[in-house]
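Engineer: Here is my input, please return the structure:
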Amino acid sequence: MAKVAKKSGRPATKRGRPAAKTAAKAAPKTTAADPAVTKAQTALDKAAAKQAAAAKKVSEARAKVVAARAKAAKTKTAASKKAVETARGALAKASEAAAETKAAVASAKVALASAKSAAAANAAVASAAAKVDEMKAKLAATAEADLAKATKAFAAKWTKARAAADAKKVKAAAKKAAAKAAAAAKKAKAKAAAAAKKAKIKAAAAAKAEKAKAATAARKAKAKEAAAAKKAKAKAAAAAKKAKAKAKPAKKAVAKKAAPAAAAKPAKKAPAKKAVAKKAPAKKAGKGRGRPPKKA
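Structural biologist: Okay, the predicted model is just below:
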């Protein structure tokens with residue numbers, strides 16, 4: 001009966017131990033409550049809001065450029081062309097501001113990651129200290145249990161030896177925990193530095209790509225406008241040439257109409273000449289001399 005009672009009582013002690021472990025493991029997860037993390041998160045939120053506002057301005061500036069181009073294509077005035085250039089300048093400024101906000105967001109993200117890493121390292125140190133305290137409590141409880149089983153003759157000697165052993169174990173555990181915390185802090189620092197370097201390179205590449213993209217777009221737009229102007233000029237020249245060619249046949253038609261009219265007038269006078277020619281033989285029969293009549 002006594003053995004059965006012991007077996008039934010053991011699971012209660014095993015069930016109660018994991019609670020302390022879960023409580024100790026949950027401590028490193030509270031990095032969000034760290035003041036540095038909260039401050040970095042607030043800065044990131046502000047930078048993200050500025051980035052969104054800058055992106056909105058870029059979209060509005062692009063819409064204005066499109067509207068100005070459409071108006072310039074219709075009116076083709078110097079004012080409309082100047083409006084296009086002004087809209088382009090505003091777009092360039094908005095793009096630069098957007099690039100700056102993008103870099104600010106990247107920097108804020110790096111700062112937040114660094115703050116979280118530092119908070120995690122601090123939490124790891126606190127967790128290690130809690131484990132050391134837990135170990136102290138466990139060793140003390142074990143020492144008390146073993147001391148209760150020891151005999152009175154060996155009580156003083158056993159207590160001294162056990163205390164020395166416990167102190168040695170605690171010292172080793174503390175040393176191990178300190179080394180682990182230092183390694184975690186070093187790793188977090190190296191990770192943050194690498195992230196900052198990567199973000200800086202990425203931001204520089206993005207700014208360079210954005211600048212090249214803007215230059216290419218401006219060059220294409222200028223070439224497109226020049227081609228459109230050249231096409232319009234060629235179209236106008238072709239229209240003028242066509243109108244000139246159309247006017248020449250009209251002049252020829254007028255000249256042709258005038259020529260038949262001039263030819264028709266002498267034709268009407270021809271019968272009179274023929275009448276004179278017919279009368280000539282009568283004169284010849286009477287006189288027999290004189291000039292011969294003109295041939296019709």
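Engineer: low-scoring pLDDT stretches of the stretch 101-250 of the chain, where are they?
Structural biologist: The stretch 101-250 of the chain contains residues with pLDDT under 70 at 150, 153, 249-250.
Engineer: ranges for the helices of it?
Structural biologist: For the stretch 101-250 of the chain, the helices defined by DSSP state H, counting those that start in this stretch cover 155-286.
Engineer: list the contacts for Val65?
Structural biologist: The contact partners of Val65, by CB atoms under 8 Å, 6 or more residues apart in numbering, come to Val84, Ala87, Arg88, Leu91. From N, CA and C alone the C-beta is placed, and that goes for glycine too.
Engineer: and the gap between the third one and Arg219?
Structural biologist: Look at Arg88 and Arg219: by CB to CB, to the nearest Å, they are 12 Å apart.
Engineer: between these two, who's got more neighbours?
Structural biologist: Just comparing Arg88 and Arg219: by other CB atoms under 10 Å the higher neighbour count belongs to Arg88, 20 against 10.
Engineer: what angle separates whatever helix or strand the more buried one lives in from helix 155-286?
Structural biologist: Using DSSP states H and E, Arg88 sits in helix 78-149. Interaxial angle, helix 78-149 versus helix 155-286 (axes from the mean of the first three to the mean of the last three CA atoms, to 10 degrees): 160 degrees.
Engineer: what about helix 78-149, distance to the chain center?
Structural biologist: A distance of 24 Å separates the centroid of the chain from that of helix 78-149, by CA atoms, centre = their mean, to the nearest Å.
Engineer: could you say what helices and strands that helix packs with?
Structural biologist: For helix 78-149, the contact count by 3 or more CB pairs under 8 Å, 6 or more residues apart in numbering; DSSP states H and E identifies helix 2-26, helix 35-75, helix 155-286 as packing neighbours.
Engineer: now the angle between helix 78-149 and the second one, please.
Structural biologist: By that I understand helix 35-75. In terms of direction (the same axes, to 10 degrees), helix 35-75 departs from helix 78-149 by 160 degrees.
Engineer: average pLDDT across helix 35-75?
Structural biologist: Helix 35-75 comes out with an average pLDDT of 85.
Engineer: distance between it and the chain's centre?
Structural biologist: The answer for helix 35-75 is 11 Å, by CA atoms, centre = their mean.
Engineer: ok, now the last one?
Structural biologist: Chain-centre distance of helix 155-286: 20 Å, with CA atoms, centre = their mean.
Engineer: Which elements pack onto it?
Structural biologist: Looks like helix 155-286 contacts helix 78-149 (3+ CB pairs under 8 Å, 6+ apart).
Engineer: And Ala156, how far from Ala48?
Structural biologist: 68 Å.
Engineer: same question, Ala223
Structural biologist: Distance from Ala223 to Ala48, by CB to CB: 37 Å.
Engineer: How about Ala143?
Structural biologist: 56 Å.
Engineer: cool, Phe154 as well?
Structural biologist: Between Phe154 and Ala48 the computed distance is 69 Å (CB to CB).
Engineer: who has more neighbours, the two?
Structural biologist: Shown here are Phe154 and Ala48; by other CB under 10 Å, Ala48 has more neighbours (15 against 11).
Engineer: neighbours around the nearest residue to the more buried one once chain neighbours are set aside, how many?
Structural biologist: Distance criterion CB to CB, 6 or more residues apart in numbering; nearest residue to Ala48, sequence neighbours excluded, is Val105 at 5.7 Å. Residue neighbour count, defined by other CB under 10 Å, stands at 22 for Val105.
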